[in-house]
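**Q** okay, predicted coordinates and the sequence, questions at the end:
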Amino acid sequence: MNFRFLALVALLCLVPLSGCGKTQSFSTAGVERSSSSRPDAPSSTDETIDPAEVDWGSFSSTSLRNPNDGSLVGGVPLPLSARGLRFNPNRDLAARYGTVEVVRALVNAGRIVDEELGGLPVTINDLSYERGGPMPHHGSHQNGRDVDVFFYQLGPDGKPLESVGAFFDQSGLGVDFRQLADPSDDVPLRLDVPRTWRFVQALIEDEAANLQSIYLAEHLRLLLLEHARKRGAPEPTVARFGEMTCQPEYPHDDHFHFRFYCSADDIEAGCRDSDPIYAWRKRALAEIGVESLPLLPKRERARTKTVGHEEARRAAGPLDPEVERWLERRKQWRARPHPGRRYCP
């Protein structure tokens, strides 16, 4: 996905942009440390990790302070590839670090989809830097508990395609606009609802992961809910998905943003959770004698640069008429009022 397409996505809102960089290889025995908070390792290895062979107990991480003003100790790198999962090669490879709980949950969810439904790996975008801290063009992603993930996608022939940052409409249809000024290379897409739902279901049902929030456009939330109910997904899972999904001002019609709660150990170290703190979460913490901590005031040094509408429009350059039409359509679901659920930032 090139910068001009990212700029296109930003035309209606402020949206994360990122570049590319070097990375470290994933090790099942431990993690090499960099002396920089933004590591630039000398090499990268595209090795495929078997989740069953990873000793997750050999990792130790601590998430500190807020998701929008925090840091990460012992950040665990997402593998460049694992069964049913890949880190997006077009993203900044220094931004693939998370807590051990988050990385394990993502790897596990990708494996479950691959085992049950096959297809292509899920594409994971930015997590955090190895030591956390501000990440350009992101409002959060500072302490290893936020991650952006592309939806599973199907091509015109109904077969899985490697996912791109395409936005999807109320019918689950989208377009991969490759050269923004050239309509001849546009590729029609369809949201792969079964695989996308199964990935989300795996995260929700992973009790050790402690998934908190799913930022997602309301019309795509409804598509996934409809599918889950028709397929007879467990009602507690469906209910929790319905409760924890929310459309923020940027509608998230081109990717998920997942946020995970602090682990109990991290709370004791000073990790802070944003709202909402659901009743089931309070009960789970009460059983082990732990109480969540409120967010601390955001410090000026934690603020990051965002991209404004005019800047994004200039960067996008000429657009073919179909792109313009999609941008106009997209205003409909961006401007639509929130459906009344709480905690929609």
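**A** The structure has been received and is ready for your questions.

**Q** can you show me the helices along this structure?
**A** All helices of the chain, identified by DSSP state H, fall at 3-9, 100-117, 193-205, 218-230, 235-244, 264-269, 279-287, 309-316, 321-335.

**Q** neighbours of residue 332, how many?
**A** For residue 332, the neighbour count with other C-beta atoms under 10 Å is 11. Glycine gets a C-beta too; all of them are placed from N, C-alpha and C.

**Q** should've said residue 72
**A** 27.

**Q** who is the closest residue to it other than its chain neighbours paired with across the strands?
**A** Spatial nearest neighbour of residue 72, excluding adjacent residues (C-beta to C-beta, 6 or more residues apart in numbering): residue 132 at 3.4 Å. With DSSP bridges applied, the residues forming beta bridges to residue 132 are residue 71.

**Q** surely residue 132 touches residue 68?
**A** No - assessed by C-beta atoms under 8 Å, residue 132 is found out of contact with residue 68, at 11.1 Å.

**Q** where does the stretch 51-200 of the chain dip in pLDDT?
**A** By pLDDT under 70, the weakly predicted segments of the stretch 51-200 of the chain are 52.

**Q** switch the cut-off to 90
**A** 51-58, 136-137, 139, 178-182 (pLDDT under 90).

**Q** list the contacts for the spatially closest residue to residue 170 that is not a sequence neighbour?
**A** The spatial neighbour of residue 170 that comes closest, neighbours along the chain excluded (C-beta to C-beta, 6+ apart), is residue 219 at 4.4 Å. Contacts for residue 219 (C-beta atoms under 8 Å, 6 or more residues apart in numbering) come out as 169-170, 253, 333.

**Q** what sits against the closest residue in space to residue 262 that isn't next to it in sequence?
**A** Setting aside the residues directly before and after it, residue 262 is nearest to residue 271 in space (C-beta to C-beta, 6+ apart), at 3.5 Å. Counting by C-beta under 8 Å, 6+ apart, residue 271 makes contact with 62-65, 70, 143, 262-263, 293.

**Q** if you rank those by neighbours, which is first?
**A** Busiest of those [other C-beta under 10 Å] is residue 63, holding 35 neighbours.

**Q** from memory that residue sits against residue 266, does it?
**A** Yes - taking contacts as C-beta under 8 Å, residue 63 lies within contact range of residue 266: 4.7 Å.

**Q** sounds good, over and out.
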